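[1] Let me see the structure of the following:
(chains A and B)
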Protein chains: 2
Amino acid sequence: MALLQEFAAIVGKEYALTGNDTARWSTDWTGKYCAQPGVVLRPTSTHQVSQIMTLANAQRQSITPVSGHTGLVGGTYAPGGVMVSLDQMNTIHDINATTRTAVVDAGVVLSSLHDATDAEGLIFPLTFGARGSAMIGGVMSTNAGGSNVLRYGNTRDLVLGLEAVLADGRVVDLMSSLHKDNSGLNLRQLLIGSEGTLGIITKAVLKLAPKPITYATAMVAVPKLDDALTLLNRVQDATGGAVEAFEYMPRHYIDVHMARVDGAREPFDVPYDVNIMIEVATTTDTDITDALQTIMADMMNSGAVLDAVVAQNETQRRAMWDRREAAAELTFWRKPIVDTDVALPLDLVGSFLEQAYAKVVEADSGAEPFYIAHLGDGNVHYGVYPSSDDAALKDKIVEIIEDVVESLGGSFSAEHGVGLSKLNTMRRRKDPVALDMMRKIKGVLDPNGILNPGKLIPD
Amino acid sequence: MALLQEFAAIVGKEYALTGNDTARWSTDWTGKYCAQPGVVLRPTSTHQVSQIMTLANAQRQSITPVSGHTGLVGGTYAPGGVMVSLDQMNTIHDINATTRTAVVDAGVVLSSLHDATDAEGLIFPLTFGARGSAMIGGVMSTNAGGSNVLRYGNTRDLVLGLEAVLADGRVVDLMSSLHKDNSGLNLRQLLIGSEGTLGIITKAVLKLAPKPITYATAMVAVPKLDDALTLLNRVQDATGGAVEAFEYMPRHYIDVHMARVDGAREPFDVPYDVNIMIEVATTTDTDITDALQTIMADMMNSGAVLDAVVAQNETQRRAMWDRREAAAELTFWRKPIVDTDVALPLDLVGSFLEQAYAKVVEADSGAEPFYIAHLGDGNVHYGVYPSSDDAALKDKIVEIIEDVVESLGGSFSAEHGVGLSKLNTMRRRKDPVALDMMRKIKGVLDPNGILNPGKLIPD
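    Alright, predicted model coming up:
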């Protein structure tokens, strides 16, 4: 293929991989989107990415950008296609402790950035289970969330500037490190979360935060989710908004964790239904553990907290986090599965869980829900193991869950993105005027439709 | 004019104002953009706004949206044109203390929202001098900033959802109250800050924050701006990021304040060059005043702080704020003036001030700079009184300031927006690829170019 040779000439032959050399990009973490790409190009500079897109645009060749390849929605699925991997562009250009900003390439691994900022007494707050493989480019293009969005926001809240290559090969320079910049339409926020459909993000300026010196981490059992929300608000107020994580693990999650993970332990002496993991962090020498314990004791007196265990050391804290971070593994080991990633208004998570359970079981009496929630954000990873692998049944379950979400003002897509897996849902659930706006923007910024076609925006 | 009658039929005759009835919309705060509109339509519902735009689009009639009419950049300038004022759509639909969100119409006055949230023990944090007139719609369409962006972010960080009417009259429903919502391109952030060029924002879901119970407010004199940045970072770390305002007032600002405001006082017993106002706020019973004083005492020992006065009561605190909030009045009383609103990387504000002064005075030896800064955001309101009202001279001074800003990686537009006043600057300073993207997006979402034409995006 002559085009392949032209691409190879841009990046160098050793960085144009085909056949078995593409193995790393042929797999998929969820097992649902495994496919061998035709070629994986690994540019080493923005200029090379620009040359690739210029050529691709002239030849109407579709391009699927990829970085860490840890997505859960098939956003990088490209059977036989041309993938552009940012992994060779992995320089941390600057970490500025005075302005608390970092300048990084798209191929920097999230945990590498964590290590580099740690050395300066700072953190890049965004974190999630796949941090050892996920790269900044993918994190930005999917607007990744995670466990401490509650305190620091989603990816889009942590990006001050970026550089991207457009469909026609032009480079747009939005590399600002400014906290205020009202100079025209916000193209930065348009590119973040666009899943590679509007441009390939090549570089970024990220916000850093001071590294906490003390953590208070606890498991708390409460009677109902409403009590959990009261706990959250009280701890937020008492600590000046220092809650970093507020995670809900229902009884069945604990049971599966106990059954499947060596050394797993019950969080409490007796089993409870509603188990919350809370983590508060501070950069000051305030005794946040004391503040947390005071509130929990008070709520225990009124019956709004049933039990509580505070981590006494880093080992105990790590064990609490390990239980939470086993979520993906505990969810996906069993097949068939219908997995969703929904968001609800904070006070309607309980209603959602009740209604979804009743309606799913009504449609499939053998179905078993399995879920975990970033409760502080209203984000529920709601999975269902249906009684059979029947496609129509699985689709029906998805529709039932979506109906409940929609009726409660929620979103069918919270933090994993749309990719391929939620394309049908986008088509049937997103406001039609909003969809039309997205199609028009896509059409005018990528008129040949070559950037990650078939993802995010349904035809 | 038949069209006028059709518009009047939509909103009712009493809400279609012409002639002297449009006086309120014919003035301009800065005095630079005074012009009588042909008609001011005051719809009372989203449906009416939609009908207006449907008709306008069919007739290729330009529309300029307006709400509080307090902008500083001529964004609502519409001589002889059709203005759509959102002021009659002013209902606060909901304030939810559990989820800490508010649902409001575009015409709600910012200070009315402050009052309503205050009653619930919450705050909508965004605030600035014009809060008694500015309305949510304008605040959102300009992505307004203000004095506590440092802690709570710009407007775009405080909006969870919105509703808008597009150029063709269709209503886009993005009324989410969710903290995570990755369902397609981020149209919300595209509409926020678009200055009425892409749609008319009619409704919003806003984030609220707990109301602080204690404030520690102080005036601090430091030798250099670098010392101020050290102070900021130390107080942020010691209080868990609780600094709400960090304002820089140079010597000449204090002098003008003393000369022009009755009862104005020197902040310290002796005059200093670099005067900082810092405010820390907390929702807890932590003694933040003590934390602040400890740091200031420590820095005084090392010579990095020269003097400090902590407000002992609300009257003293109010006096400090009054000094700061007199800025617009103290800037615009004298003519001619070249006023800018620039942002710099936090550690380069000092370099900017030095370089800008040297170069402006080199070009016009009689010029006198006058400025004040939201130092915590790197935002400088840098004005110059030139030696004459010569247009070429004034333009040259703007160019000189912009050159310095650009060379330091800053932005020519921080928080006031672009409107008409910075259109030339957009043309010559913004990345040309970014400008092209903006024009394409505008062209496809408003193909007849009827929404606030001639603003924000230069031809």
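
[2] can you pull the buried residues of the host helix or strand of A:Asp226?
    A:Asp226 belongs to helix A:225-239 when assigned by DSSP states H and E. The neighbour-count check on helix A:225-239 (16 or more other CB atoms under 10 Å in any protein chain shown) flags A:225, A:227-239 as buried. Heads up, the C-betas are built off the backbone N, CA and C, glycines and all.

[3] so whichever helix or strand comes after it versus helix A:225-239, what angle?
    Scanning forward in sequence from helix A:225-239 by DSSP H and E, the next helix or strand is strand A:243-250. Between strand A:243-250 and helix A:225-239, the angle comes out at 160 degrees (axes from the mean of the first three to the mean of the last three CA atoms, to 10 degrees).

[4] Give me the spatial nearest neighbour of A:Gln36, chain neighbours excluded.
    Distance criterion CB to CB, 6 or more residues apart in numbering or on different chains; nearest residue to A:Gln36, sequence neighbours excluded, is A:Ser26 at 4.4 Å.

[5] separation between that neighbour and chain B?
    25 Å (CB to the nearest CB, to the nearest Å).

[6] Tell me, how many residues neighbour that residue?
    For A:Ser26, the count of nearby residues is 18 (other CB atoms under 10 Å in any protein chain shown).

[7] next one: A:Ile278
    Neighbour tally, A:Ile278, other CB under 10 Å: 25.

[8] sorry, back to before: isn't the residue nearest to A:Gln36 right up against A:Ala35?
    Yes. When contacts are counted by CB atoms under 8 Å, A:Ser26 is listed as touching A:Ala35 (6.5 Å).

[9] Taking chain A, what residue is nearest to chain B?
    Nearest residue of chain A to chain B (CB to the nearest CB) works out as A:Gln189 at 3.5 Å.

[10] quick one, what contacts that residue?
    Each residue near A:Gln189 by CB atoms under 8 Å, 6 or more residues apart in numbering or on different chains is listed here: A:Arg156, B:Arg156, B:Asn186, B:Gln189, B:Leu190.

[11] Now render those residues as a markdown table, adding distance to A:Glu195.
    Listed next are these as a markdown table, based on distance: CB to CB, whole Å:
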| residue | distance to A:Glu195 |
| --- | --- |
| A:Arg156 | 13 |
| B:Arg156 | 21 |
| B:Asn186 | 11 |
| B:Gln189 | 16 |
| B:Leu190 | 16 |
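
[12] which phi and psi does A:Ala308 have?
    Note on A:Ala308: backbone dihedrals following degrees, to the nearest 10 are phi -160, psi 140.

[13] Just to check, it is in contact with A:Thr294?
    No. Using CB under 8 Å, A:Ala308 makes no contact with A:Thr294, being 11.4 Å away.

[14] Pick out whichever of those two has more residues nearby.
    Neighbour totals were compared for A:Ala308 and A:Thr294, and A:Ala308 leads with 22 against 14 (other CB under 10 Å).

[15] next one: the helix or strand A:Leu150 falls within to chain centre, how far?
    According to DSSP H and E, A:Leu150 maps onto helix A:149-152. Mean-position distance between helix A:149-152 and its chain equals 13 Å (CA atoms, centre = their mean, to the nearest Å).

[16] Quick check: which helices or strands does it pack against?
    Under the contact definition 3 or more CB pairs under 8 Å, 6 or more residues apart in numbering or on different chains; DSSP states H and E, helix A:149-152 sits against strand A:243-250.
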